[in-house]
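Student: Need the 3D shape of this:
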Amino acid sequence: MIEIEKLIKQAKHGNKDSFTEAVLMVKDEAYKIAYCYLQDEQDSMDAVCGAVEKALNNIKKLRQPQYFKTWFIRITINESKKILRDKGKVIQLVEEMYTEEEKYLDNEGTIDLNNCLQELEPHDRMMIYLKYYQGYTLDEIADLVKIPKGTVRTRIYTNLKRLKEKLEVKEGSFNVR
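Tutor: All right, here's what the predicted structure looks like:
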């Protein structure tokens, strides 16, 4: 991480190439987090692009270069939330076409965990993703989402319990993956 600190210090002095290189180091993770929120490739890319623009415009405001990654991911989360708010105004009729049981099935007739995860609020889904897919600690997640560590822990484990119950209910009727 020392390299990214050096790049950010240079970027704060106007070196756009250093900024670009630092963004390239964190862009994949930022995209994955945006996708976890938005579940759409194009919207996720838009969120990351918006984050790059905001970060470039505000790089001089970043006080501690070692927190660039956290700062950039936080901007990406905010951009994702903005896109979700804007999209929330659009009514999606596709879901109404499926029965409750069909929502959980994939092509082979097995319960798909990803379909169950989709029912969680984007914020909660993202915290589970950060913890179990990206390996973030509860402290790191709390810092990213700006809520207390205890609240993060409660929300993650409450939602995991809900997912488990949902899968157990369906287990009698379907094959669980």
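Student: Now the spatially most central residue of the chain: phi and psi?
Tutor: Of all residues in the chain, the one closest to the mean position by CA atoms, centre = their mean is residue 33, 2.7 Å from it. Per-residue torsions, residue 33: phi -70, psi -40 (degrees, to the nearest 10).
Student: got it, and residue 40?
Tutor: Main-chain torsions, residue 40, degrees, to the nearest 10: phi -150, psi 130.
Student: What's the local residue count around residue 156?
Tutor: The local packing of residue 156 (other CB atoms under 10 Å) involves 18 other residues. Every residue, glycine included, has its C-beta placed from N, CA and C.
Student: what's it in contact with, if anything?
Tutor: 124, 127-128, 131, 138 (CB atoms under 8 Å, 6 or more residues apart in numbering).
Student: swap the cut-off to 7 Å and go again
Tutor: By CB atoms under 7 Å, 6 or more residues apart in numbering, the residues touching residue 156 are 127-128, 131.
Student: Would you check how far apart it and residue 127 are?
Tutor: For residue 156, the distance to residue 127 (CB to CB, to the nearest Å) stands at 5 Å.
Student: Residue 84 too?
Tutor: With CB to CB as the criterion, residue 84 and residue 127 are 15 Å apart.
Student: now residue 117
Tutor: Residue 117 is 11 Å from residue 127, by CB to CB.
Student: quick one: stretch 133-147 to chain centroid distance?
Tutor: 11 Å (CA atoms, centre = their mean, to the nearest Å).
Student: ok so, going back, residue 117 and residue 127 - which one has more neighbours?
Tutor: Between residue 117 and residue 127, counted using other CB under 10 Å, residue 127 has the larger neighbour count: 26 against 16.
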